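Chemist: sequence first, then the predicted structure, then my questions.
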Amino acid sequence: MTRHLPGVDALLRAPEGEALVARFGRNATLAALRAELARLRAAGLGGPAAVVLDAAADGLARRFAASQRPVFNLTGTVLHTNLGRAPLPPEAAEAAAAALVGATTLEFDLQTGGRGERDDHVRQLLCDITGAESATVVNNNAAAVLLCLNTLANGREVPVSRGELIEIGGAFRLPDIIGRAGALLVEVGTTNRTHLRDFRDAIGPATAVLLRVHQANYAITGFTSAVPAAELAGMAHAAGLALVEDLGSGSLVDLRRWGLPHEPTPQESLAAGADLVTFSGDKLLGGPQAGLIVGRAELVRRVNANPLKRALRLDKARLAALEAVLRLYLDPDRLAERLPALRLLIRGEGDIAATAARISPALATFAGRAAEVAACRSQIGSGALPVDLLPSAAVSFAGDGLDPLAARLRLRPRPVIGRIVQGRLWLDCRCLEATEEAAFAANLE
Ligand SMILES: *Cc1c(COP(=O)(O)O)cnc(C)c1O
């Protein structure tokens, strides 16, 4: 027996129906009302207008909710690839937003009124900071490696140490990238030991460049030997070849200044004789997703002349953000205050524990169980400095039902992301700065 259902026209004319049209538009509202009516009809159910309108409103709200949303990153991994890596400083976010909403000087020369170069917005900054002759930027570091190898080694051989044939995660495996660049990988040495003579033996008439890759997310320890960049550069140059170095994260400053472990810098690579150096924009550099290429002007010119450059280039928003972030590096003394990625990485354990203590009551109330403030260790993330962990503090929960608790936290308006390890849910407070604590508590209510 079919129960009575209101008609679509009556629903649209109801005040609640008009409100839905005003908010979501006529098409979507009509579709949602029809879908709800069809569902009820199929189930043989009736219902008053208010019930149908309510259900349609829920469906519309879900459909129009943003899929990519800001979250609270309490995973303990600062540069979390799945959560968007480096948080940007406000001046970079503002520059990107300003570029997005209108016309810009992206490829326009204000002096001549003619065409400009999009990379010009960051080239000089990159040269000033790294000491390179020239620089260019692309979509990410994977693209930078692909583009450099395709430009310099298409159809020719690229010797690489077996200790450096890295997989980053996702689909970045160095042998695959070399293959897709059109080059032929020549494996050199062994997993734990590679010597200069191994490279000497591998160099032949078909060799295009030598490639060195930073062991970004792993460490080879024990009976090991790797060829220092300066020796490899010397051998490459003696053979009339270029040395390309993929630094992975790379850092534009010496992180030891702030008590962090040393991460190789492009400055060091260039000083050692590397001809092209590639690194990421959104790892330790603390900027937007980008692939940076610095090095010899003639090689950068060839890279830019490769038609693939067009396919891999950076858009105006990320260029604007990158420019703003690079400018912060001109004042290293204030970098740690102004660059969020660095500020979070060097944040002291005591400061983090204080945040954990302040937010733990709200979390305990939300969870309906006792919360403990406990010491833990954060990771830098993005493969950077993988063997070094940073002392931190977390709000931690034990007991049964941790998965449902973690799921409830993920369902908050701004999802809260923690991690479950060793039978406890850990909410590492390193990335929750004091300025966000009030919003964090309100988000749990
Ligand atoms: C992260 C990384 C890459 C890839 O960089 P993306 O910016 O993520 O594309 C390449 N090589 C190394 C050594 C890395 O660490």
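Modeler: Noted; the coordinates are in hand.
Chemist: looking at the stretch 151-300 of the chain, which residue is nearest the ligand?
Modeler: Residue of the stretch 151-300 of the chain nearest the ligand, by C-beta to the nearest ligand atom: Gly248 (2.5 Å). For glycine as for every other residue, the C-beta is placed from the backbone atoms N, C-alpha and C.
Chemist: what's the burial count for Ala438?
Modeler: Neighbour count for Ala438, taken as other C-beta atoms under 10 Å: 11.
Chemist: thinking again about what came up before, ok so the residue of the stretch 151-300 of the chain closest to the ligand is a strand residue?
Modeler: No. Assessed with DSSP: H, G, I helix; E, B strand; the rest coil, Gly248 is coil; it does not lie in a strand.
Chemist: quick one: it and Lys283 touch, right?
Modeler: Yes. Taking contacts as C-beta atoms under 8 Å, Gly248 lies within contact range of Lys283: 7.2 Å.
Chemist: just to revisit the earlier point, for the residue of the stretch 151-300 of the chain closest to the ligand, grab the count of nearby residues.
Modeler: 24.
Chemist: residue contacts, it?
Modeler: Gly248 makes contact with Asn141, Ile168, Val213, His214, Ala216, Asn217, Phe279, Ser280, Lys283, Gly383, Ala384 under the criterion C-beta atoms under 8 Å, 6 or more residues apart in numbering.
Chemist: now do the helices in the stretch 201-350 of the chain.
Modeler: When secondary structure is read from DSSP state H, counting those that start in this stretch, the stretch 201-350 of the chain shows helices at 229-238, 266-272, 297-305, 308-312, 316-328, 335-338, 340-345, 349-367.
Chemist: list the helices and strands the last one packs on?
Modeler: Under the contact definition 3 or more C-beta pairs under 8 Å, 6 or more residues apart in numbering; DSSP states H and E, helix 349-367 sits against strand 372-381, strand 384-397, helix 402-410, strand 424-428, helix 437-443.
Chemist: deepest in the core, which of the ones you listed is it.
Modeler: strand 424-428 (a mean of 23; mean count of other C-beta atoms under 10 Å).
Chemist: pairing partners for it, with directions?
Modeler: strand 384-397 (antiparallel), strand 419-421 (antiparallel) (DSSP bridges).
Chemist: out of everything not next to it in sequence, what's closest to Gly114?
Modeler: Ranked by C-beta to C-beta, 6 or more residues apart in numbering and with sequence neighbours excluded, the top spatial neighbour of Gly114 is Phe108, at 8.0 Å.
Chemist: the one you found is in contact with Glu117, isn't it?
Modeler: No. Under the criterion of C-beta under 8 Å, Phe108 is not in contact with Glu117, lying 9.9 Å apart.
Chemist: what does the stretch 101-250 of the chain have sitting close to the ligand?
Modeler: Contacts of the stretch 101-250 of the chain with the ligand, taken as C-beta under 6 Å from any ligand atom, map to 140-142, 145, 166, 168, 172, 213-214, 216, 246, 248-249.
Chemist: by neighbour count, which of those residues wins?
Modeler: Asp246 (29 neighbours).
Chemist: ok, that residue - contacts?
Modeler: Asn141, Ala144, Val145, Leu174, Leu211, Arg212, Val213, His214, Thr278, Phe279.
Chemist: export those to TSV and tack on pLDDT and distance to Arg412?
Modeler: Output for these, formatted as TSV (pLDDT from 0 to 100; distance: C-beta to C-beta, whole Å):
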residue	pLDDT	distance to Arg412
Asn141	96	33
Ala144	98	37
Val145	97	38
Leu174	93	39
Leu211	97	45
Arg212	97	45
Val213	95	40
His214	91	38
Thr278	98	38
Phe279	97	35
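Chemist: out of the residues you listed, who's nearest Asp403?
Modeler: Asn141 (34.8 Å; C-beta to C-beta).
Chemist: re the thing from before, reformat the helices and strands packed on helix 349-367 as TSV; add distance to Gly131 and mean pLDDT.
Modeler: Formatted as TSV, the helices and strands packed on helix 349-367 follow (distance: least, C-beta to C-beta, whole Å; pLDDT from 0 to 100):
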stretch	distance to Gly131	mean pLDDT
strand 372-381	25	94
strand 384-397	22	84
helix 402-410	45	98
strand 424-428	37	98
helix 437-443	41	98
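Chemist: in the stretch 101-250 of the chain, which spans are strands?
Modeler: 134-138, 157-161, 167-169, 172-173, 184-188, 209-213, 242-246 (DSSP state E, counting those that start in this stretch).
Chemist: where among the ones you listed is average confidence lowest?
Modeler: The weakest mean pLDDT among the strands of the stretch 101-250 of the chain belongs to strand 167-169, with a mean of 81.
Chemist: in the stretch 1-150 of the chain, where is pLDDT below threshold?
Modeler: 1-2 (pLDDT under 70).
Chemist: with the stretch 251-400 of the chain instead?
Modeler: Short version for the stretch 251-400 of the chain, where the test is pLDDT under 70: 383-387.
Chemist: can you give me the distance of the residue nearest to Gly114 to Ala305?
Modeler: 21 Å (C-beta to C-beta, to the nearest Å).
Chemist: mind saving the C-alpha coords of stretch 368-386 as PDB?
Modeler: Coordinates of each C-alpha in stretch 368-386 appear next as PDB, following Å, rounded to 0.1, in the frame of the first residue of the first chain:
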ATOM      1  CA  GLY A 368      34.100  10.300  28.100                       C
ATOM      2  CA  ARG A 369      37.200   8.800  29.600                       C
ATOM      3  CA  ALA A 370      40.400   9.800  31.300                       C
ATOM      4  CA  ALA A 371      43.100  11.500  29.200                       C
ATOM      5  CA  GLU A 372      46.800  11.400  30.000                       C
ATOM      6  CA  VAL A 373      49.500  13.900  29.000                       C
ATOM      7  CA  ALA A 374      52.400  11.700  27.900                       C
ATOM      8  CA  ALA A 375      55.800  12.200  26.300                       C
ATOM      9  CA  CYS A 376      56.100  11.000  22.800                       C
ATOM     10  CA  ARG A 377      58.200  11.500  19.700                       C
ATOM     11  CA  SER A 378      57.300  13.400  16.500                       C
ATOM     12  CA  GLN A 379      58.600  12.800  13.100                       C
ATOM     13  CA  ILE A 380      59.700  15.400  10.600                       C
ATOM     14  CA  GLY A 381      58.000  13.600   7.800                       C
ATOM     15  CA  SER A 382      58.200  13.500   4.000                       C
ATOM     16  CA  GLY A 383      61.100  11.300   4.200                       C
ATOM     17  CA  ALA A 384      63.200  14.000   5.700                       C
ATOM     18  CA  LEU A 385      65.700  13.000   8.300                       C
ATOM     19  CA  PRO A 386      63.900   9.700   8.900                       C
END
